[in-house]
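Enquirer: sequence and computational prediction follow.
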Amino acid sequence: MIVGGSQYLEGSQKQHRKLSREAHTSYQLLSSATGNPDVDKFSFSEEDASHVLQPHSDILVITMPVSGVNIYRTLVEDGSSMNVLYLRTFEQMDIDARHVRPFMKPLQGFTEDYVNSKG
């Protein structure tokens, strides 16, 4: 979820929808080169960008292993005002619901739909 829309895109909702239809998803399986998370980093080459419409404000969503649990749909983005973990993530990590703090404001997604959060 991203609150408040993109800071990079300007224009009408019609233009945003058109760009969304043109977007595509790429799946790649990457493994740690050294097994040391302090050394391994994500990096992208000019060749990687050759299939990307420029200028872009594309997001990166990954599955990330944390303490033996795969955290799915992890958003990697430096400008978002909020970080979202799904309830299933907390359950998989054996984090009790009493440790989740209430957040009683609806969240707005990419399609401008609103979702109520549990914490």
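Expert: Here it is on my side, so go on.
Enquirer: what's the neighbour count on residue 47?
Expert: 7 (other C-beta atoms under 10 Å). Any C-beta I mention is one placed from the backbone N, CA and C, and that applies to glycine too.
Enquirer: same question but for residue 52, I mixed them up
Expert: A total of 13 residues lie near residue 52 under the criterion other C-beta under 10 Å.
Enquirer: and the lowest mean pLDDT element among the helices and strands of this protein?
Expert: In the chain, the helix or strand scored least confidently by mean pLDDT, DSSP states H and E is helix 13-22, which has a mean of 71.
Enquirer: what residues does the very next helix or strand once past that helix touch?
Expert: Moving toward the C-terminus from helix 13-22, the next helix or strand (DSSP states H and E) is strand 60-66. With contact meaning C-beta atoms under 8 Å, 6 or more residues apart in numbering, strand 60-66 is reached by 42, 70-77, 93.
Enquirer: what about residue 87, neighbour count?
Expert: Burial of residue 87 is recorded as 13 neighbouring residues (other C-beta under 10 Å).
Enquirer: how much space between it and residue 93?
Expert: Between residue 87 and residue 93 the computed distance is 11 Å (C-beta to C-beta, to the nearest Å).
Enquirer: kindly report the same for residue 112.
Expert: 30 Å.
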